[in-house]
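Participant: Kindly generate the corresponding structure for this input.
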Amino acid sequence: MDDIKITGVTRPALMPKKKSLVDVPGRDYPWDFGDNKKETFEIMVDVAIEAAREPGEEEKTLIEKINQLLTFLDYDESKELYFSDDSANKYQGQVYDGVQMVESPARTLATGTIVFECYEV
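Facilitator: Predicted coordinates:
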């Protein structure tokens, strides 16, 4: 999968927590029950796939490379997700909403965003 380049990652700096606030009549502010459980969140990974082939590599069309990525991402349960630039944080994630890829008119480049629904491990 060397043909797939990550061009950007959007992830939360601080993981979201479930609010435990209840409005109490006659009180100026809500009551905080304080359980603050972690919630799921999204990590968006922008990718680019090139159809150009390296010397000695079997030639693959752009659609074959896209299908290879989609097969890799199509699984029934969450898997460990981590990034080499942030080895301290590990996540469990899964793709639920599919992946949209946009092909260039010359069919030599495709770009898209993979959205993982995650929780912190």
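Participant: Scan this protein for its longest strand.
Facilitator: In the chain, assigned by DSSP state E, the strand with the most residues is strand 90-103.
Participant: secondary structure element for the residue with the largest distance to the centre of the chain?
Facilitator: Relative to the C-alpha centroid of the chain, counting by CA atoms, centre = their mean, Gly26 is the outermost residue, at 43.7 Å. Using DSSP states H and E, Gly26 is not contained in any helix or strand.
Participant: repeat for Glu64
Facilitator: Secondary structure (DSSP H and E) places Glu64 in helix 62-73.
Participant: how big is the angle separating the helix or strand following the longest strand of the chain from strand 90-103?
Facilitator: On the C-terminal side of strand 90-103, the nearest following helix or strand under DSSP H and E is strand 109-120. Inter-element angle recorded for strand 109-120 and strand 90-103: 160 degrees (by axes from the mean of the first three to the mean of the last three CA atoms, to 10 degrees).
Participant: mind listing what strand 109-120 pairs with, with the direction of each?
Facilitator: Applying DSSP bridges, strand 109-120 is found paired with strand 41-50 (antiparallel), strand 90-103 (antiparallel).
Participant: out of those, which comes closest to Leu81?
Facilitator: Of all these, it is strand 90-103 that lies closest to Leu81, at 4.0 Å by CB to CB. Backbone N, C-alpha and C define where each C-beta goes, glycine included.
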